[in-house]
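Trainee: got a sequence here, can you model it:
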Amino acid sequence: MGRLDNTEFLKQVSDILTTNNGKSSVYLTQKRLSPALAIDADTNNTINDLSSNVKQTAIQNTTTYPILIRVSLNGKDRKDKKDKVKLSTVVETDRLDQFWTEYVHVIKTGFTGLKKKTKKSKKSGKVSK
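Mentor: Below you'll find the predicted structure:
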């Protein structure tokens, strides 16, 4: 499935989470979307054979990258490919703050059946030698 625009993505994620109701696993993934490297580009690959005591200046990366967000939902059976749902969208950096607030709201309302993790109590009294 192709990438959706941000509003359509949030709408479909909301629909999926409400219909799922905790029956199967939902996987959320976010990563930086870096541009594809040109294979035919002329790159100057140099061998770094300087001794360890020579200081090199670090190149600062000032470019901004969009974020790729994916949501995947397995079907009832792992082998059943029909019920598997995959959604993805690309968020530009200038719209990131607005998207995160809407995305977090959709996720919080969709994950209503989550339980808090119970802490294990420490054993007291016995000391091992």
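
Trainee: what are the ranges of the helices in this structure?
Mentor: Assigned by DSSP state H, the chain shows helices spanning 6-20, 96-110.

Trainee: just put the ones you listed in a markdown table and tack on mean pLDDT.
Mentor: Output for the helices of the chain, formatted as a markdown table (pLDDT from 0 to 100):
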| stretch | mean pLDDT |
| --- | --- |
| helix 6-20 | 90 |
| helix 96-110 | 92 |
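
Trainee: most tightly surrounded among the ones you listed?
Mentor: Comparing the helices of the chain by mean neighbour count (mean count of other CB atoms under 10 Å), helix 6-20 comes out on top with a mean of 16. Using the backbone N, CA and C atoms, a C-beta is placed for each residue, glycine as well.

Trainee: can you dump the C-alpha coordinates of it into PDB?
Mentor: In PDB, the C-alpha atoms belonging to helix 6-20 read as follows (Å, rounded to 0.1, in the frame of the first residue of the first chain):
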ATOM      1  CA  ASN A   6      -1.200  12.800   7.300                       C
ATOM      2  CA  THR A   7      -4.900  13.400   7.900                       C
ATOM      3  CA  GLU A   8      -6.000  10.200   6.100                       C
ATOM      4  CA  PHE A   9      -3.300   8.200   7.900                       C
ATOM      5  CA  LEU A  10      -4.600   9.400  11.300                       C
ATOM      6  CA  LYS A  11      -8.200   8.700  10.400                       C
ATOM      7  CA  GLN A  12      -7.400   5.100   9.300                       C
ATOM      8  CA  VAL A  13      -5.200   4.500  12.300                       C
ATOM      9  CA  SER A  14      -8.100   5.600  14.600                       C
ATOM     10  CA  ASP A  15     -10.500   3.300  12.800                       C
ATOM     11  CA  ILE A  16      -8.100   0.300  13.000                       C
ATOM     12  CA  LEU A  17      -7.400   0.800  16.700                       C
ATOM     13  CA  THR A  18     -11.100   1.000  17.600                       C
ATOM     14  CA  THR A  19     -12.000  -2.100  15.500                       C
ATOM     15  CA  ASN A  20      -9.000  -4.100  16.800                       C
END
